[in-house]
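1. just to be clear, the model below is a prediction. Sequence and coordinates:
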Number of protein chains: 2
Amino acid sequence: MSRSEFDLIQAHFMRAVKNRDDVVLGIGDDGAALKYSEKQDLIVSIDTLVAGVHFPEPTVPQDIAHKALAVNLSDLAAMGATPAWVTLSLTLPNADEAWVSDFCTGFFALADQHRVQLVGGDTTRGPLSVTVQAHGFVPTGQALRRDGAYAGDLIFVTGELGLGGWGLAAVTQKLAPEYQRLDHTRAIVHLNRPEPRLAVGEQLRGMASACIDLSDGLAGDLRHILERSQVGAVIDAEQIPLPGMYCLQGDRQQALEYALFAGDDYELCFTVSQEKLGQLSPDHWLFSACWPIGKITDEPGLRIKTYDSHGCSNIHTLARSGYTHFDSAD
Amino acid sequence: MSRSEFDLIQAHFMRAVKNRDDVVLGIGDDGAALKYSEKQDLIVSIDTLVAGVHFPEPTVPQDIAHKALAVNLSDLAAMGATPAWVTLSLTLPNADEAWVSDFCTGFFALADQHRVQLVGGDTTRGPLSVTVQAHGFVPTGQALRRDGAYAGDLIFVTGELGLGGWGLAAVTQKLAPEYQRLDHTRAIVHLNRPEPRLAVGEQLRGMASACIDLSDGLAGDLRHILERSQVGAVIDAEQIPLPGMYCLQGDRQQALEYALFAGDDYELCFTVSQEKLGQLSPDHWLFSACWPIGKITDEPGLRIKTYDSHGCSNIHTLARSGYTHFDSAD
């Protein structure tokens, strides 16, 4: 089953009748925006992590809890929201108090760090899975969305991509032999304990034209911005920030594939208009904290510029799914 | 694994640090109450239904969707809230579009009925389960809670109890022989398509001293009110409304056990002070729409008054779990 099949499924829920005028932004973004007060919109986002799908079975409960909360806070970051409250629904195969105690330790550590309060929960019996809903606030009308990118906007990401994929390959022992001798600690920590980019998300209010968090790989997630904004993009393979230790002898190919397709990075990918960029001073935090990786185009589709050994560039179309190999179109 | 073990697990989450002053009522009730505006509090409630645990595996997707939404709306009803928005996280073993289409039909039918808008969702792969979070509103400070019952208050329920249990026994073919010849349609509909008591919940604002919805059987759920309110109760076996067709030849014993322990009724159980009752006119809707079943006491614990064949009454203590037989204490 591929991501795209789930996108088709998701489309059924877009049928949701718009029967309330207090819904600013409904289904189809990282979160919903709801009228809260004259000054603020409420942002909500719900996500489920399933054992064996979103985390390997042997993951310790502290890490499962951290990740379940972090991926939802990451959705709030992608909306530019400041987190406030969370609810939790935990499905467990058995009532293992020691496991739950460890889970709570991981959960509350991250919640306290971001001054988030757990306000409600449900515990039930069944195959291990964790659902969290995060609630946060943005100034009225300032939620970052997927549908605001325009041709000419530059595309940025907040950090190195692909680390989550390297971490998953390391813990599931699926690394090619040439990578096995490396120390994967940093990648595994990134996989298990992603840090939501909340501070950057807040600073992008009024600056980014579109934003998404990278949970399924750059190729799949950037495509959500393109589809919602009805635009295309060209990204530059040489400009995508990759973890240097995985570019063995300068070969970036495997690292690039993880960045594009592996997921679990939880960095932000966002677009900024050239006009807005022109208003920023050269020492603005954006230029030191984020990487420009390409440009939005009128021509639809997602394309990538790569370079051969002679430095000559080619532009390829990227295939649809985040989980399939990308194919050359030339 | 019993309900009480899960209560112990749930207690770990009560450790949640109270680090925000916009939380009116946190974890431990049917929903949380959060500051929303000068006039209204936001009520949120999250619940997960797992295949084979909360609904039998062959249940049709329309019914699964109805029930997943209804049990959350029922939590809002128990808080006295008017529903507004819902989010949905659906975990599916495979991307079956026909199944999802039917699911959406059931979901949106109930949502539209109560003018609730689906504002966000997540679809993922894994063992079938459905998590819904419902969001609603109450006038500031008027949320119905579990912790407000006082000695002397009368206890009411909104409808016949045990129907959900009869429905489950019918669809899982666990009925004793003497019940098998009956027509169980009404009980099965009640099991699969419970109707949240939202209108009653709204009318109980400012009237009920405590309220809960009945998901796990009267004995287990009423006990939550008693524990949170630090009181006890005596209920009268003869006054508990039971579905008449299951009281074969006047024998109410099996029907009473389903009412007390079987769950899936989604009626409201609430308490009202005698003072408040004295202010109501004799033709007030409460007296025709709801059943008084007992009284709150200073003495802790849950007791039930039963009658022998000579009409003599006995008072028994009810055992803790909603899933175990109740034992006589005399």
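-> Thanks, I have the structure now. Because the structure is a prediction, the values reported are computed rather than measured.
2. can you give me the helices in chain A?
-> A:3-13, A:61-78, A:97-113, A:163-171, A:185-192, A:198-203, A:218-229, A:253-261, A:274-278, A:285-289 (DSSP state H).
3. just put those helices in CSV and tack on mean neighbour count, distance to residue B:262 and mean pLDDT.
-> C-beta here means a position set from N, CA and C on the backbone, and glycine is covered the same way. Output for these, formatted as CSV (neighbours: other C-beta atoms under 10 Å in any protein chain shown; distance: least, C-beta to C-beta, whole Å; pLDDT from 0 to 100):
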stretch, mean neighbour count, distance to residue B:262, mean pLDDT
helix A:3-13, 18, 33, 72
helix A:61-78, 26, 32, 98
helix A:97-113, 18, 27, 95
helix A:163-171, 24, 44, 96
helix A:185-192, 20, 41, 96
helix A:198-203, 20, 45, 98
helix A:218-229, 23, 45, 95
helix A:253-261, 22, 49, 94
helix A:274-278, 12, 61, 97
helix A:285-289, 13, 57, 94
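4. quick one: which of the ones you listed is nearest residue B:187?
-> helix A:3-13 (30.8 Å; C-beta to C-beta).
5. so how many other residues sit close to residue A:318?
-> Using other C-beta atoms under 10 Å in any protein chain shown, residue A:318 has 24 other residues around it.
6. nearest to chain B: which residue in the stretch 201-330 of chain A?
-> Residue nearest to chain B within the stretch 201-330 of chain A (C-beta to the nearest C-beta): residue A:215, separated by 10.5 Å.
7. name the nearest residue to that residue, sequence neighbours excluded.
-> residue A:263 (5.8 Å; C-beta to C-beta, 6 or more residues apart in numbering or on different chains).
8. what number of residues lie near that neighbour?
-> 25.
9. I figured it hits residue A:216, correct?
-> Yes - if you go by C-beta atoms under 8 Å, residue A:263 and residue A:216 touch, sitting 4.5 Å apart.
10. I'd say residue A:70 and residue A:197 touch.
-> No - with contact defined as C-beta under 8 Å, residue A:70 and residue A:197 do not form a contacting pair (10.3 Å).
11. any shared contact partners between these two?
-> When contacts are counted by C-beta atoms under 8 Å, 6 or more residues apart in numbering or on different chains, the set common to residue A:70 and residue A:197 consists of residue A:266.
12. how far away is residue A:211 from residue A:200?
-> 9 Å (C-beta to C-beta, to the nearest Å).
13. try residue A:114
-> With C-beta to C-beta as the criterion, residue A:114 and residue A:200 are 14 Å apart.
14. per-residue pLDDT, residue A:20?
-> Residue A:20 carries a pLDDT value of 89.
15. what's the burial count for it?
-> Neighbour tally, residue A:20, other C-beta under 10 Å: 15.
16. can you list the domains in chain A?
-> Chain A breaks down into these domains under automatic domain parsing: A:3-139, A:154-317.
17. mind checking which of these is nearest residue B:167?
-> Comparing these by C-beta to C-beta, domain A:3-139 comes nearest, at 19.8 Å.
18. these two touch, right, residue A:33 and residue A:142?
-> No - with contact defined as C-beta under 8 Å, residue A:33 does not reach residue A:142; the gap is 9.4 Å.
19. okay, these two: which has more neighbours?
-> Shown here are residue A:33 and residue A:142; by other C-beta under 10 Å, residue A:33 has more neighbours (26 against 16).
20. show me what contacts the more buried one?
-> Residues near residue A:33 by C-beta under 8 Å, 6+ apart: A:23, A:24, A:25, A:41, A:42, A:43, A:79, A:138, A:143.
21. go with 6 Å
-> Neighbouring residues of residue A:33 by C-beta atoms under 6 Å, 6 or more residues apart in numbering or on different chains: A:24, A:25, A:41, A:43, A:143.
22. how many other residues sit next to the first one?
-> Which is residue A:24. The number of residues packed around residue A:24, counting by other C-beta under 10 Å, is 19.
23. quick check: the gap between it and chain B.
-> Residue A:24 sits 9 Å away from chain B, going by C-beta to the nearest C-beta, to the nearest Å.
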